[in-house]
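# Return a 3D structure for these sequence lines:
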Amino acid sequence: MRPRHVNRTMTRKRRGRVVENDGYAEFLRRVLRAYARRIGKGDIDEFAQMTAIAAEMDQILRQAVAGLRAAGFSWADIAARTGTTRQAAWKRWAATSGNDHQQGDRL
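Just a heads-up that it's a prediction; the model follows:
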(Lines give C-alpha, C1' and ligand atoms only; values in the text may rest on other atoms or scores of the structure.)
Protein backbone atom coordinates (compact mmCIF):
# COMPACT_ATOMS: atom_id res chain seq x y z
CA MET A 1 0.00 0.00 0.00
CA ARG A 2 1.31 3.46 -0.90
CA PRO A 3 1.68 6.20 1.65
CA ARG A 4 -0.97 8.89 1.26
CA HIS A 5 1.56 11.64 0.59
CA VAL A 6 2.87 10.03 -2.64
CA ASN A 7 1.70 11.79 -5.77
CA ARG A 8 0.23 9.02 -7.89
CA THR A 9 0.70 10.87 -11.17
CA MET A 10 4.45 10.81 -10.69
CA THR A 11 4.56 7.03 -10.29
CA ARG A 12 2.48 6.14 -13.33
CA LYS A 13 4.18 5.28 -16.58
CA ARG A 14 3.23 7.53 -19.43
CA ARG A 15 2.31 6.08 -22.75
CA GLY A 16 4.83 6.93 -25.42
CA ARG A 17 3.69 8.88 -28.43
CA VAL A 18 3.12 6.59 -31.39
CA VAL A 19 4.98 7.58 -34.54
CA GLU A 20 3.67 6.07 -37.73
CA ASN A 21 6.38 4.65 -39.99
CA ASP A 22 4.97 6.27 -43.15
CA GLY A 23 4.97 9.72 -41.56
CA TYR A 24 8.44 9.24 -40.15
CA ALA A 25 9.80 8.05 -43.49
CA GLU A 26 8.30 11.08 -45.24
CA PHE A 27 9.90 13.36 -42.64
CA LEU A 28 13.31 11.75 -43.32
CA ARG A 29 12.82 12.21 -47.07
CA ARG A 30 12.05 15.92 -46.60
CA VAL A 31 15.14 16.40 -44.42
CA LEU A 32 17.42 14.63 -46.90
CA ARG A 33 16.00 16.58 -49.87
CA ALA A 34 16.51 19.85 -47.99
CA TYR A 35 20.08 18.82 -47.17
CA ALA A 36 20.73 18.03 -50.84
CA ARG A 37 19.33 21.42 -51.90
CA ARG A 38 21.60 23.16 -49.38
CA ILE A 39 24.65 21.34 -50.70
CA GLY A 40 23.54 21.95 -54.30
CA LYS A 41 23.50 25.70 -53.69
CA GLY A 42 27.25 25.66 -53.15
CA ASP A 43 27.98 24.13 -49.75
CA ILE A 44 30.63 21.80 -51.15
CA ASP A 45 32.24 21.24 -47.76
CA GLU A 46 29.13 19.36 -46.66
CA PHE A 47 29.25 17.01 -49.65
CA ALA A 48 31.70 14.71 -47.85
CA GLN A 49 29.22 14.48 -44.97
CA MET A 50 26.43 13.53 -47.37
CA THR A 51 28.52 10.74 -48.89
CA ALA A 52 29.25 9.46 -45.37
CA ILE A 53 25.50 9.45 -44.68
CA ALA A 54 24.93 7.46 -47.88
CA ALA A 55 27.51 4.86 -46.81
CA GLU A 56 25.93 4.64 -43.37
CA MET A 57 22.51 4.24 -44.95
CA ASP A 58 23.80 1.22 -46.87
CA GLN A 59 24.87 -0.37 -43.58
CA ILE A 60 21.48 0.46 -42.06
CA LEU A 61 19.74 -1.25 -44.99
CA ARG A 62 21.89 -4.33 -44.46
CA GLN A 63 20.87 -4.42 -40.79
CA ALA A 64 17.22 -4.08 -41.74
CA VAL A 65 17.49 -6.92 -44.26
CA ALA A 66 19.24 -9.12 -41.70
CA GLY A 67 16.39 -8.44 -39.29
CA LEU A 68 13.75 -9.20 -41.91
CA ARG A 69 15.46 -12.45 -42.84
CA ALA A 70 15.75 -13.43 -39.16
CA ALA A 71 12.03 -12.69 -38.79
CA GLY A 72 11.31 -15.20 -41.57
CA PHE A 73 10.79 -12.97 -44.60
CA SER A 74 11.90 -14.45 -47.91
CA TRP A 75 14.08 -12.89 -50.55
CA ALA A 76 10.95 -12.65 -52.71
CA ASP A 77 9.23 -10.64 -49.93
CA ILE A 78 12.18 -8.25 -49.69
CA ALA A 79 12.57 -7.97 -53.47
CA ALA A 80 8.89 -7.16 -53.94
CA ARG A 81 9.24 -4.15 -51.62
CA THR A 82 12.32 -2.86 -53.43
CA GLY A 83 11.14 -3.38 -57.00
CA THR A 84 13.87 -5.89 -57.84
CA THR A 85 14.10 -9.61 -58.41
CA ARG A 86 14.80 -11.93 -55.52
CA GLN A 87 18.16 -12.76 -57.10
CA ALA A 88 19.09 -9.06 -57.20
CA ALA A 89 18.04 -8.62 -53.56
CA TRP A 90 20.07 -11.68 -52.58
CA LYS A 91 23.12 -10.44 -54.49
CA ARG A 92 22.98 -7.03 -52.80
CA TRP A 93 22.27 -8.07 -49.21
CA ALA A 94 22.93 -11.80 -48.65
CA ALA A 95 26.46 -11.39 -47.31
CA THR A 96 25.17 -9.67 -44.17
CA SER A 97 21.82 -11.37 -43.65
CA GLY A 98 22.90 -14.37 -41.64
CA ASN A 99 23.22 -17.88 -43.06
CA ASP A 100 22.43 -17.03 -46.70
CA HIS A 101 25.98 -17.44 -47.95
CA GLN A 102 25.08 -19.51 -50.98
CA GLN A 103 22.69 -18.34 -53.64
CA GLY A 104 20.60 -21.48 -53.28
CA ASP A 105 19.83 -20.80 -49.60
CA ARG A 106 16.14 -20.00 -49.32
CA LEU A 107 16.00 -18.00 -52.52
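# With adjacent residues omitted, what lies nearest to Arg38?
Leaving aside its sequence neighbours, Arg38 sits nearest to Glu46 (CB to CB, 6 or more residues apart in numbering; 7.0 Å). Where C-beta positions appear, they are placed from N, C-alpha and C, glycine not excepted.
# show me what contacts that neighbour?
Residues counted as contacts of Glu46 (CB atoms under 8 Å, 6 or more residues apart in numbering) are 35, 38-39.
# Quick check: mean pLDDT of the longest helix seen in the chain?
When the chain is parsed with DSSP state H, its longest helix is helix 47-70. Helix 47-70 shows a mean pLDDT of 93.
# other SSEs contacting whichever helix or strand comes after that helix?
Sequence order places helix 75-82 as the next helix or strand after helix 47-70, per DSSP states H and E. Here helix 75-82 touches helix 47-70, helix 86-93, going by 3 or more CB pairs under 8 Å, 6 or more residues apart in numbering; DSSP states H and E.
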